[in-house]
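Peer 1: Build me a model from this:
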Amino acid sequence: MTTQIEVLQTALATAFGERASLVTALGEVTITVKADDYLAFMQQLRDDATLHFEQIIDLCGVDYSTYGDGAWTGLRFAATSHLLSIKYNWRVRVRVFAPDDDMPLLQSVTGIWRAANWYEREAFDMFGILFEGHNDLRRILTDYGFIGHPFRKDFPVSGYVEMRYDPEQKRVIYQPVTIAPRENVPRVIREEHYGMK
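Peer 2: Numbering: from 1, shown residues only. Reported below is the predicted structural model:
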């Protein structure tokens with residue numbers, strides 16, 4: 001008897017063949033596609049009657065720059081989507097790497113799933129991944145004057161600027177960060193019976 005995961009693997013292998021990398025781990029199927037094929041793959045995942053992924057559950061950015069304790073040698077930025085087929089009751093994860101680390105650019109899937117709109121805006125805001133064809137790609141979680149992308153691994157913990165209300169100017173102003181970086185060392189208690197009577 002074949003399991004639902006095996007049926008999904010067979011359907012994906014039949015639909016895409018050698019054009020995509022297919023991996024199954026922990027009961028989930030992940031497809032890795034090339035950036036040039038991304039939009040066509042996503043369209044086929046939705047429209048192919050044997051797959052029928054009519055819903056996008058999530059799309060998020062990933063920064064692989066320090067993945068595996070720095071052992072990662074591949075491209076730095078990826079977008080990972082989770083798709084759901086209500087008809088067949090199965091899910092798939094689709095991962096696509098942006099070909100340029102300095103200017104990560106991928107095709108937008110908002111024309112396929114309208115729900116991807118805010119997901120792609122979040123990936124842009126947090127990771128700096130641009131989505132070509134997105135009609136309203138602007139920040140969604142940070143302020144419009146925010147500098148940088150806070151989920152990138154090279155973004156400083158304290159940020160670049162801070163904002164505060166200036167009562168003299170009667171407005172919010174931006175200024176360089178005034179927090180002095182420091183290292184917190186936890187207090188270690190070495191008494192055997194500490195706190196016990």
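Peer 1: Residue ranges in the chain under the pLDDT threshold?
Peer 2: Applying pLDDT under 70 to the chain picks out residues 1, 179-184, 186-197.
Peer 1: what's the distance between the spatially most central residue of it and residue 120?
Peer 2: Central residue of the chain (Cα atoms, centre = their mean): residue 61, 1.8 Å from the mean position. Separation of residue 61 from residue 120 (Cβ to Cβ, to the nearest Å): 9 Å. All C-beta atoms are positioned from the backbone trio N, CA, C, and that covers glycine.
Peer 1: so what's in contact with these two at the same time?
Peer 2: Shared contacts of residue 61 and residue 120, defined by Cβ atoms under 8 Å, 6 or more residues apart in numbering, comprise 79, 129.
Peer 1: returning to what we had before: so the residue nearest to the centre of the chain is in which element?
Peer 2: strand 55-63 (DSSP states H and E).
Peer 1: roughly how far out does that strand sit from the chain middle?
Peer 2: 5 Å (Cα atoms, centre = their mean, to the nearest Å).
Peer 1: Run me through the strand neighbours of that strand, direction for each.
Peer 2: Each strand paired with strand 55-63, and its direction, by DSSP bridges: strand 77-85 (antiparallel).
Peer 1: which is the next helix or strand following the partner strand?
Peer 2: strand 90-97.
Peer 1: buried sites along that following strand?
Peer 2: Going by neighbour count (16 or more other Cβ atoms under 10 Å), the buried part of strand 90-97 is 90, 91, 92, 93, 94, 95, 96, 97.
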